[in-house]
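Chemist: Provide a 3D model corresponding to the input given below.
(one chain, ligands or ions: 1)
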Amino acid sequence: MKFHPAVAKSSPTLLGRNQGVLQRKLLASFATISMIFPPTILPRGVAQEAQNTKPSMQDAKVRQRADALLQQMTPEEKAGQLSQLFLFTKPDAAMESRIAKGQLGSLLFVTDPSVINHLQHVAVDQSRLHIPLIFGFDVIHGLRTIFPVPIAMAASWDPDTIERAQAAAAKEARAVGIDWSFAPMVDIARDPRWGRIVEGAGADPYLGSAVAAAQVRGFQGAYIGAPDHIVATAKHFAGYGAAEGGRDYDSVDLSDAQLRNVYLPPFKSAVDAGVGSIMSAYMDLNGVPATGNRWLLHDVLRGEWNFGGFVVSDANAVNDLQTHGFAADKADAAMRAFTAGVNMEMAVTKDAYDNLPAEYKAGKITSEQLDAAVRPILETKIRLGLFENPYVDEARAAQVLGATEQKQESLRAAERSAVLLRNEHALLPLQGSGNKNIAVIGPLADSKRDITGPWVFVNKEQESVSVLEGLKQVAPQGTQLNYSQGVQISRKFPSMFDAIFGGDKTPVWAEAEQKQEFDKAVQTARSADVVVMVLGERQNMDGEAASRSSLELPGRQQELLEAVAATGKPVVLVLMSARPLELRWASKNIPAILDAWYPGTEGGIAIANLLYGKAVPAGKLPYDWPRDVGQVPIFYSHDVTHQPDKQGTRYWNEESTPLFPFGYGLSYTNFQFSNLRISHDQIRRGEGLDVMVDVRNSGTVTADEVAQLYLHQQSGTSSRPVRELKGFHRVTVAPGETKTVHFNIDKADLTYWSAATRSWVQDDTHFDLWVGEDSNASLHGSFAVAP
Ligand code: BGC
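Modeler: Model (predicted):
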């Protein structure tokens with residue numbers, strides 16, 4: 001797998017094979033820091049890298065230090081390092097005593113720096129070997145400042161933006177004492193019924209791999225222990241996104257070819273980018289639970305990929321090995337996970353890994369096995385600098401959280417993520433003149449809660465900007481904004497997170513009120529020049545345990561949309577959700593549709609800027625948008641089979657093409673692709689080639705376009721997809737300007753896992769190549785590979 005050189009240039013650690021050299025260069029520039037500041041007075045996160053001038057020497061030193069500790073540790077202390085517990089409230093005496101005995105290595109969900117410092121003091125001052133705790137948290141898309149949800153960031157097709165956003169999130173996390181994020185989620189999702197589609201990069205392994213690496217670089221910086229950065233976790237290893245029926249946690253059955261060619265590449269990319277940890281998944285994969293799956297966690301992850309970090313289980317997943325009907329009891333569950341390759345157990349309360357010392361004493365585990373499991377955890381703590389600087393500066397934390405710098409990054413990411421799906425008669429951008437009176441309608445239009453999306457716990461709701469508020473700030477002076485909610489929406493079964501953390505307490509409208517509000521919204525539309533409707537799903541309708549069986553706009557939103565459109569006023573639909581919703585009617589009847597995802601803290605301003613043309617949409621869909629839930633799964637990269645000319649009419653009742661294809665997204669300008677140049681008609685196996693294309697902006701505004709390159713292999717050991725993304729690059733082009741975009745295709749792009757040979761193959765054959773603005777790109781070329 002490789003990425004476009006222009007992308008790689010701005011992101012030196014992207015390419016795994018270059019990582020060593022580049023990392024050494026970057027580390028060298030930090031070498032002088034330790035001379036200026038002696039390590040003891042450096043803030044947390046700064047000391048360690050100052051000493052790490054040479055990764056090879058550093059690796060040896062880190063290992064020596066970890067091994068010296070291992071030699072002194074009892075089996076109970078070793079098992080302690082392998083144990084992680086949730087802490088939602090204040091620690092109790094039992095937990096503190098466990099920490100003081102050195103029998104707990106990590107906590108998650110603690111976000112208050114004073115509690116972190118307190119618990120760290122217990123670990124460092126009271127435990128026999130003074131080993132600090134490592135604090136983990138789900139920093140999925142921000143901590144206090146919330147960034148667009150991960151699927152939105154993927155829609156930016158801009159690794160640099162993604163890296164910057166996760167770096168800003170890491171900064172806030174590290175400031176409060178969180179050392180480790182349970183992100184990125186790199187699960188491929190081809191079924192939008194699955195709620196966790198919001199946390200990933202969508203349906204495509206190539207885009208997913210680029211996004212995975214960008215997130216790892218953002219969280220971790222140039223190396224583990226870089227200042228203001230944290231350890232990343234690629235999760236959920238592996239195949240979790242292919243849950244049967246899109247039902248969260250349900251079983252997954254995937255062929256080796258699907259796993260190798262589609263579901264594993266983003267994990268491999270994260271490993272190549274140096275990710276520090278991997279989280280094992282909940283579900284069973286082909287009959288073997290992922291958390292007890294030695295083939296995945298050992299043979300592939302460590303054996304084939306040389307992963308040197310540590311594996312953490314998903315929450316309670318070790319105990320779940322009994323639930324799966326896999327392990328006989330808790331001790332067996334611990335043994336099955338441990339021997340499969342799970343280093344740390346994330347436990348809710350009843351930890352299975354408490355059984356490890358007894359298993360060791362009974363001779364079922366060797367001391368080498370135990371040490372091998374503990375070593376990478378100690379090494380991570382050493383690299384993070386936690387031994388030198390275990391505590392955080394609480395006053396600094398307060399300054400860092402929610403600072404303007406992070407808010408600006410969030411705004412930028414939100415503007416770059418939105419996807420313009422439709423814009424008839426150039427309704428957008430809105431012109432100030434003629435649009436003096438704007439109706440702002442919908443259950444998500446003035447919601448400060450929903451605009452941030454799921455997986456937010458530490459943000460302050462009042463700090464986020466709703467669409468209505470954003471429009472108030474951005475609309476030209478004299479614009480009148482009239483708001484009406486219209487309808488309420490809710491889940492049939494309550495959200496797991498609302499149950500734990502408390503949900504929205506807004507009272508549900510009685511029937512009379514429902515009618516009144518609906519009518520009021522239509523009335524508000526009637527007296528407007530233009531209507532902005534903000535519809536979609538509430539933040540707790542996407543995410544974990546948030547699958548759904550339909551893709552309709554929930555509640556009475558479709559009815560409201562139709563009633564408002566019936567007034568004859570021009571309607572702009574702003575969609576807020578993380579999955580493709582049913583838009584068949586809207587895509588014919590609503591002139592402008594902007595998919596804003598869940599854009600985060602600054603979302604309202606970003607949307608207003610996009611609506612008024614202060615920012616130009618350039619996001620592209622990271623999945624195919626089905627017409628109907630019955631088409632799921634649908635993706636552009638299917639194989640070519642019998643009667644390919646009838647691909648669009650496989651159903652007798654409905655087109656079998658997507659409503660919007662993968663890679664699709666409009667702009668406020670027009671782009672033309674031309675002058676496709678391919679450096680070679682024929683290459684030898686193992687060689688690469690260059691592709692160039694010109695992108696011209698023939699409109700009147702400066703805007704970004706994402707040039708996309710797709711390949712199709714015409715024949716070979718296996719049949720291959722009709723098209724596969726193999727390169728992309730987001731470029732800014734001024735009006736009248738033409739830019740040349742370069743792609744490089746290498747051996748990795750032409751290699752795949754063949755079910756015929758059960759191995760990686762590169763065939764000598766002919767390839768079609770297309771370059772353009774989405775997966776329907778028509779500018780065509782070809783080349784051949786000879787032996
Ligand atoms: C989720 C993980 C998450 C963990 C800790 C689990 O339920 O599947 O993605 O990191 O909880 O919050």
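
Chemist: which residues touch residue 267?
Modeler: Contact analysis of residue 267 by C-beta atoms under 8 Å, 6 or more residues apart in numbering lists 186, 212, 234, 237-238, 278, 301. Placement of C-beta: from N, CA and C, glycine included.

Chemist: one more time with 10 Å
Modeler: By C-beta atoms under 10 Å, 6 or more residues apart in numbering, the contact set of residue 267 is 186-188, 208-209, 212, 234-238, 275, 278, 296, 300-301, 305, 307.

Chemist: now do the helices in the stretch 501-650 of the chain.
Modeler: 511-526, 557-565, 586-589, 603-611 (DSSP state H, counting those that start in this stretch).

Chemist: what about those, which gets the closest to the ligand?
Modeler: Nearest to the ligand, of all these, is helix 603-611, at 23.1 Å by C-beta to the nearest ligand atom.

Chemist: what about the next helix-or-strand element following that closest one, distance to the chain center?
Modeler: Counting by DSSP states H and E, the next helix or strand C-terminal to helix 603-611 is strand 671-678. Relative to the mean C-alpha coordinate of its chain, strand 671-678 is positioned 31 Å out (C-alpha atoms, centre = their mean, to the nearest Å).

Chemist: stretch 632-646 now?
Modeler: Using C-alpha atoms, centre = their mean, the offset of stretch 632-646 from its chain centre is 27 Å.

Chemist: can you check stretch 127-138 too?
Modeler: That offset, for stretch 127-138, works out to 26 Å (C-alpha atoms, centre = their mean).

Chemist: residues touching the residue of the chain found nearest the ligand, list them.
Modeler: In the chain, no residue comes nearer to the ligand than residue 182, which is 3.5 Å away by C-beta to the nearest ligand atom. Residue 182 sits next to 108, 136-140, 231-236, 277, 279, 312, 314-315, 346, 455 when contact means C-beta under 10 Å, 6+ apart.

Chemist: quick revisit: is it possible to get JSON lines of the helices of the stretch 501-650 of the chain that adds mean pLDDT and mean neighbour count?
Modeler: Formatted as JSON lines, the helices of the stretch 501-650 of the chain follow (pLDDT from 0 to 100; neighbours: other C-beta atoms under 10 Å):
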{"stretch": "helix 511-526", "mean pLDDT": "98", "mean neighbour count": "16"}
{"stretch": "helix 557-565", "mean pLDDT": "98", "mean neighbour count": "20"}
{"stretch": "helix 586-589", "mean pLDDT": "98", "mean neighbour count": "15"}
{"stretch": "helix 603-611", "mean pLDDT": "98", "mean neighbour count": "28"}
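
Chemist: in CSV, list those helices along with distance to the ligand.
Modeler: As requested, the helices of the stretch 501-650 of the chain are exported to CSV (distance: least, C-beta to the nearest ligand atom, whole Å):
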stretch, distance to the ligand
helix 511-526, 35
helix 557-565, 29
helix 586-589, 32
helix 603-611, 23
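
Chemist: need the ones you listed in a markdown table (columns: distance to residue 174).
Modeler: Formatted as a markdown table, the helices of the stretch 501-650 of the chain follow (distance: least, C-beta to C-beta, whole Å):
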| stretch | distance to residue 174 |
| --- | --- |
| helix 511-526 | 45 |
| helix 557-565 | 40 |
| helix 586-589 | 43 |
| helix 603-611 | 24 |
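
Chemist: which one of those lies closest to residue 90?
Modeler: helix 603-611 (32.9 Å; C-beta to C-beta).

Chemist: which strands or helices does the closest one pack on?
Modeler: For helix 603-611, the packing partners by 3 or more C-beta pairs under 10 Å, 6 or more residues apart in numbering; DSSP states H and E come out as helix 404-417, helix 467-474, strand 530-536, strand 571-576, strand 592-595.

Chemist: pick the most buried one from those.
Modeler: Each of the helices and strands packed on helix 603-611 was scored by mean neighbour count; the highest is strand 530-536, a mean of 27, by mean count of other C-beta atoms under 10 Å.

Chemist: hang on, the earlier thing: what's the closest of the helices of the stretch 501-650 of the chain to residue 354?
Modeler: helix 603-611 (44.0 Å).

Chemist: taking helix 467-474 as reference, get the angle to the closest one.
Modeler: Helix 603-611 and helix 467-474 are oriented at 60 degrees to each other (axes from the mean of the first three to the mean of the last three C-alpha atoms, to 10 degrees).

Chemist: so how far is helix 603-611 from its chain's centroid?
Modeler: Put simply, helix 603-611 sits 22 Å off its chain's centre (C-alpha atoms, centre = their mean).

Chemist: in helices only, show me the contacts of residue 267.
Modeler: Using DSSP state H, the members of those that fall within helices are 208-209, 212.

Chemist: burial measure for residue 501, as a count.
Modeler: 11 (other C-beta atoms under 10 Å).

Chemist: show me what contacts it?
Modeler: Counting by C-beta under 10 Å, 6+ apart, residue 501 makes contact with 88, 456-457, 495.

Chemist: drop anything exposed from those residues.
Modeler: The neighbour-count criterion (16 or more other C-beta atoms under 10 Å) marks 456, 495 among the contacts of residue 501 as buried.

Chemist: tabulate the contacts of residue 501 (TSV), appending pLDDT, distance to the ligand and secondary structure.
Modeler: Formatted as TSV, those follow (pLDDT from 0 to 100; distance: C-beta to the nearest ligand atom, whole Å; DSSP: H, G, I helix; E, B strand; the rest coil):
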residue	pLDDT	distance to the ligand	secondary structure
88	91	11	coil
456	96	13	coil
457	94	9	coil
495	89	13	coil
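
Chemist: residue 773 is in contact with residue 662, isn't it?
Modeler: No. Residue 773 is beyond contact range of residue 662, at 11.6 Å (criterion: C-beta atoms under 10 Å).

Chemist: the more surrounded of these two?
Modeler: Remark: of residue 773 and residue 662, residue 662 carries more neighbours, 26 against 22, as counted by other C-beta under 10 Å.

Chemist: helix or strand with the lowest mean pLDDT in this structure?
Modeler: For the chain, counting by mean pLDDT, DSSP states H and E, helix 33-36 ranks last in confidence among helices and strands (a mean of 28).

Chemist: ends of stretch 393-412, how far apart?
Modeler: Chord length of stretch 393-412, first to last residue, is 29 Å (C-alpha to C-alpha, to the nearest Å).

Chemist: correct me, but residue 584 touches residue 654?
Modeler: Yes. When contacts are counted by C-beta under 10 Å, residue 584 is listed as touching residue 654 (8.8 Å).

Chemist: quick check: neighbours shared by the two?
Modeler: Joint contacts of residue 584 and residue 654 (C-beta under 10 Å, 6+ apart) are 626-628.

Chemist: so is the closest residue in space to residue 386 that isn't next to it in sequence in a helix, a strand, or just coil?
Modeler: Spatial nearest neighbour of residue 386, chain neighbours left out: residue 132 (4.1 Å); criterion: C-beta to C-beta, 6 or more residues apart in numbering. Assigned by DSSP: H, G, I helix; E, B strand; the rest coil, the conformation of residue 132 is coil.

Chemist: kindly reformat the contacts of residue 501 as a markdown table containing distance to residue 73.
Modeler: Shown next, in a markdown table, are the contacts of residue 501 (distance: C-beta to C-beta, whole Å):
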| residue | distance to residue 73 |
| --- | --- |
| 88 | 29 |
| 456 | 38 |
| 457 | 33 |
| 495 | 41 |
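
Chemist: mind picking the two most distant members of the contacts of residue 501?
Modeler: Largest separation among the contacts of residue 501 by C-beta to C-beta: 88 and 495, giving 16.2 Å.
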